[in-house]
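Colleague: pasting a predicted model and its sequence here:
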Amino acid sequence: MMILGGRSLQLVYGLLILLHMQTSIGFNSTTGDYEIRCIESERQALLRFKQSLVNENGRLSSWGSEEEKKECCKWEGVQCSNTTGHVTMLELSWLRGNLSPSLFELYHLTYLNLNGNDFNLNRIPKSISSLNKLQHLYLSDSNLGGSLPNQLANLTSLQSLDLSHNKFNIKNLEWLSPLSYLQFLDLGENNLSKVNNYWLEVINKLPRLNTLYLYGCNLPYVLPQAIPMINTSTFLVDLDLSSNNLSASTFQWLSKFNKSLVSLHLANNSFQGLIPENLGHMTYLEKLDLSSNQFEGGIPKSFGNLCKLRYLNLSSNNLDEMLPELIGNLSGCLQLSLEGLYLDENKIKGPLPDMIKNFSSLRWLSLYNNQLNGTVPKSIGLLSKLEWLEISSNSLNGMITESHFSTLSKLRRLDMSFNSLRFNFSRDWIPPFQLDEIELASCKLGPKFPRWLKTQRNFSNLDISGNEISDSIPKWFWNLSSRAFHVNLSSNHLYGDLPNLSTTKFADSFSLGIDLSKNKLDGPFPVFPINVTYINLSENRFSGSISSLCTITSGKLVLLDVSDNQLSGKLPDCMTRSTNLLILNLANNHLSGKIPSSIGSLSRLESLDLQNNNFSGEIPGALGNCSALQFLDLNYNNFSGIIPAWIGERLSSLNFLLLRSNNFSGEIPLQLCWLTNITLLDLSNNNLFGSIPRCIQNLTALAQKESLAHDHSFADSHDDHNSWSEGSYAYNATVMWKGTERDYGNGNLKNLRIIDLSSNKLTGGIPVQISVLFELVQLNLSRNQLIGRILSNIGQMRQLESLDLSQNQLSGHLPGSMSQLNFLSTLNLSYNNFSGRIPLST
């Protein structure tokens, strides 16, 4: 049996109310021997509410003043009393506009549910006080704001009140005191930071309150001296105080509910030290969530006596007890009731003990990202109810055999990734389970492609990357699951070509992401199904044209990385079909021709990497439409013409601009100084002339310590159009670092702050304004025709590690401030006309 908590209880409670009222007062009655006509004044009030909406999306099409619509008791979301005809219930969602006071002329309302609307940060009108018969008020997630009216205190019949997920600034809770019938209260995700430290006293005087949700409210610190003075007449059953700033004094108050609490959520607070022993005295607890705090040590022995506890979440803390001792403290009647145990992301050590088999009710076991070692006991295969097993990112070793899964017929998620486990199954093994999620990255499934996967026909997520598989991908693999969402076979030694994926069962999936990078796959570029969301074929041996990309027409594609292959031909002019594309990486191939103008349709594009190809022509003006670009790498091509001024004018989000080794000419446009987010600017090895712009001081990201550049997070791109696997995509670039070409990626690139203007035909002096770029790590102005002196205040650029001014026409003495460049490890001033002494410590 699943334990209901949080909003699930509210939903069930609301449905029961609706069913009760449906049978007792006529539920939008359209059948039977009677027909109720609503009160005219109430019909007019509802119509005025409709007029206050900006866009009701046709939801209220049944509302109107026409003759055939005059019976408002038949309107969408409206319910009337069978006996009086008064509107008693109103339930509306997905509307946008203003919260009209006319609603509060419906004086006989007992149930009002306006969850999930957009009321444009309206305040709740004071006239709400007129609804003195209201028993249930739900205004969750409706974009309401401001302070709450004290008139809420007049709603003395309220049993349920939900104001969660709005932008209320709640300064006191005194208005709650008269609501003596209140049973359910949800103020979650509002600002309660200004309520006084005695807010608990108000809560404790609500005699019928059993469900209280104050999650994400920025609640003030609970004063320990105030708690003994609080007498409670409340018997809380379900309490959620997660995502606040609460500390240990809270537990003193919680002890007052030892005999009533069933569900307790305290995740993401500021709790430290040992887990309080007295939590083990809450004998009615079924659900306890202490995750995302800073608890240390282990689990109190008293927890073993929580005979009704089904769900225990201690993830994301600093627990460091040995796992056998920790599991031992849970032994007792708890081991018969516990269904979910979450200990992931701690510092727990030791082996997975054999006694885990005694927890016969376990359905979810999560131990990933700890410091576990040793082998996985075969007794884990006796947990016949287990649905979820996560032990990834530890130091477990040894052999995994069929015995480990002997009775796990209900297993749906298996995650053993990033351990030192070797799998040894017989060739004809048929697993007892059908997995939804298979996470076995960096295990040792190889060298043959795992044949047991042939039995798994329902998976949505499959990751067997880094498994030392040296084999071709069998044809049956591509027809396993029509639910495939994320398929990762990367970092193996797979070889051979790929079939037409648009004709396989994977094409039936709602959305599909494929990562086959870092293998030895070859043959022509494959045809993908139209539902594909991301494609990573980098570091393989695919060849020929990529024109088949034009078959991807759904608009779901967000990532395409085919870098480091042997692809050739032109970039197809069909990008208008990929308007949600965020990442496009075609680097290190043999592609040629001009960038097609359809690239301008990629308005969401954040990264474009075309380095080391044979592209030519000018940078098309259509690229200026890609205003979200953060990373632009055109290094090592044959582009020509001037560097467009619109790069600075329209691509203001750029962090990286790399144009090295092309045929650009003309002056450096002043508009590049508008790129205030730039951290890496490489214009080297072109035919640029003129002076270095004095406005270079406006590149303010090179003067700041904060890192503005970042890897692209897959989670940021989960929206109505796209779904892609959790993870991140790290920008990669070839950078001339201290005179040597290096490839930077995997997050290292964002730590660099570089200006490289070398190997051009720049003239004039070094602008004094460059010296304010205090966080610059490398400055390369070599192989130009610069004259004058080195800046006298160059010493204030204290983060410089590499300075190359060689092969210019600079002269004069070396400034004494150079001795302040304590991090400087590479200095090249050769082939200039300097004189005098070298400053000490340089």
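Modeller: Done, it's in. Numbers count the residues shown, from 1 in each chain.
Colleague: gap between Leu608 and Asn190?
Modeller: 42 Å (Cβ to Cβ, to the nearest Å). No exception for glycine: its C-beta is placed from N, CA and C like everyone else's.
Colleague: ugh, wrong one, I meant Thr375
Modeller: Distance from Thr375 to Asn190, by Cβ to Cβ: 49 Å.
Colleague: looking at those two, which is more packed in?
Modeller: Legend: neighbour count by other Cβ atoms under 10 Å for Thr375 and Asn190, higher for Asn190 (22 against 13).
Colleague: isn't the more buried one right up against Lys171?
Modeller: No. Contact status for Asn190 versus Lys171: not in contact, 11.2 Å apart, counting by Cβ atoms under 8 Å.
Colleague: next helix or strand past the helix or strand of the chain with the lowest mean pLDDT?
Modeller: Confidence across the helices and strands of the chain bottoms out at helix 7-25, with a mean of 46, counting by mean pLDDT, DSSP states H and E. For helix 7-25, the following helix or strand on the C-terminal side (DSSP states H and E) is helix 40-51.
Colleague: ok so Tyr534 is a helix residue?
Modeller: No. With DSSP: H, G, I helix; E, B strand; the rest coil as the criterion, Tyr534 is assigned strand and is not in a helix.
Colleague: tell me how many other residues surround it.
Modeller: 26.
Colleague: count the neighbours of Lys738 for me.
Modeller: Neighbour tally, Lys738, other Cβ under 10 Å: 15.
Colleague: test my guess that it contacts Thr826.
Modeller: Yes. Using Cβ under 8 Å, Lys738 makes contact with Thr826 at a distance of 4.2 Å.
Colleague: anything in contact with each of these two?
Modeller: Glu801, Ser802 (Cβ atoms under 8 Å, 6 or more residues apart in numbering).
Colleague: can you give me phi and psi for the residue nearest to Asn793 when sequence neighbours are not counted?
Modeller: In space, and not counting its chain neighbours, Asn793 is closest to Ser771: 5.1 Å by Cβ to Cβ, 6 or more residues apart in numbering. Torsion angles at Ser771 (phi, psi; degrees, to the nearest 10) stand at phi -70, psi -10.
Colleague: list the contacts of Ser771.
Modeller: Here Ser771 is in contact with Leu791, Asn793, Ile794, Gln796, Met797 (criterion: Cβ under 8 Å, 6+ apart).
Colleague: low-confidence stretches in the chain?
Modeller: Along the chain, the parts satisfying pLDDT under 70 run over 1-36, 55, 197, 223-234, 706-728, 746-747, 841-842.
Colleague: same thing but 80
Modeller: 1-37, 55-57, 196-199, 220-234, 553, 705-730, 745-748, 750, 839-842 (pLDDT under 80).
Colleague: endpoints of stretch 97-104, how far apart?
Modeller: This stretch, stretch 97-104, spans 16 Å end to end (Cα to Cα, to the nearest Å).
Colleague: tell me which residues in that stretch are buried?
Modeller: In terms of neighbour count (16 or more other Cβ atoms under 10 Å), stretch 97-104 has its buried residues at Gly97, Leu99, Ser100, Pro101, Ser102, Leu103, Phe104.
Colleague: just those residues now: which is nearest Ser598?
Modeller: Using Cβ to Cβ, the shortest approach to Ser598 within the buried residues of stretch 97-104 belongs to Gly97, at 38.9 Å.
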